[in-house]
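In: My questions are about this predicted structure, shown below with the sequence.
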Amino acid sequence: MPQMSQFLSALIASGTILIIILATDIGRRRITTMRMVRSVIAVAVVIAIFVESFPTKGNDISLQLVGVGTGVICGLIAGVLLPAYKDATSGELYTIGGIGYALVWIVLSGGRVLFAYGAEHWFTMDLVKFSIDYKISGQDTYANAFVFMSLAMVLTRTAVLLAKMRKLKDQDTGVGQLPRQTATGASV
């Protein structure tokens, strides 16, 4: 079977992750364990399908770690743009994913696809020269950096959701709250 082009791989991987994240998070959505696990599983499947090797020569690991770091930062930004609250009637936890949240995911997914297209059609020789100059072994390193960026972004968004969930639950139980003081100054 012939190898899939970098552009087609990026399009399928980014599109799959984007669709799952937006379908899971846009609008008012209840926070559930399955909701969080579903997106992590999707990225794990994408990694299993699209990560063919793990290059470690030259600066390959550094570039892949840049992908992870970028994913963490973008995941934190996405997490901030996904407010969580507790429904006063049911007590269930919800998030509201709006346009800002969607745009973070769309821009990053589009950027990955655009880079892959450009690597094949617009700046192929420049990328080859960059790879030689900075000791990057090839397209698998770039592909991995983008896939790892997606994984880090999803995992970070999931960690932010877990933190928000814990904070909302702690507000009910009073965990982490300072004791109230009465008019006489005694703690309650």
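Out: Good, I have the coordinates.
In: Just give the nearest non-adjacent residue to residue 84, would you?
Out: In this structure, residue 84 finds its nearest non-sequential neighbour in residue 164, 3.9 Å apart by Cβ to Cβ, 6 or more residues apart in numbering. C-beta: built from backbone N, CA, C; applies to glycine.
In: Roughly how far does the spatially most central residue of the chain sit from residue 94?
Out: Centroid check for the chain by Cα atoms, centre = their mean gives residue 153 as the closest residue, at 1.9 Å. Using Cβ to Cβ, to the nearest Å, residue 153 is found at 22 Å from residue 94.
In: just residue 60 next, same as before
Out: 42 Å.
In: Pick out whichever of those two has more residues nearby.
Out: Set side by side, residue 60 and residue 94 show more neighbours around residue 60, with 23 against 16, by other Cβ atoms under 10 Å.
In: hmm, who's touching the lowest-mean-pLDDT helix or strand in the chain?
Out: Every helix and strand in the chain was compared by mean pLDDT, DSSP states H and E; the lowest is helix 33-50, with a mean of 80. With Cβ atoms under 8 Å, 6 or more residues apart in numbering as the test, helix 33-50 has contacts from 9, 12-13, 16-17, 20-21, 24, 29, 143, 147, 150-151, 154-155, 157-158, 161-162.
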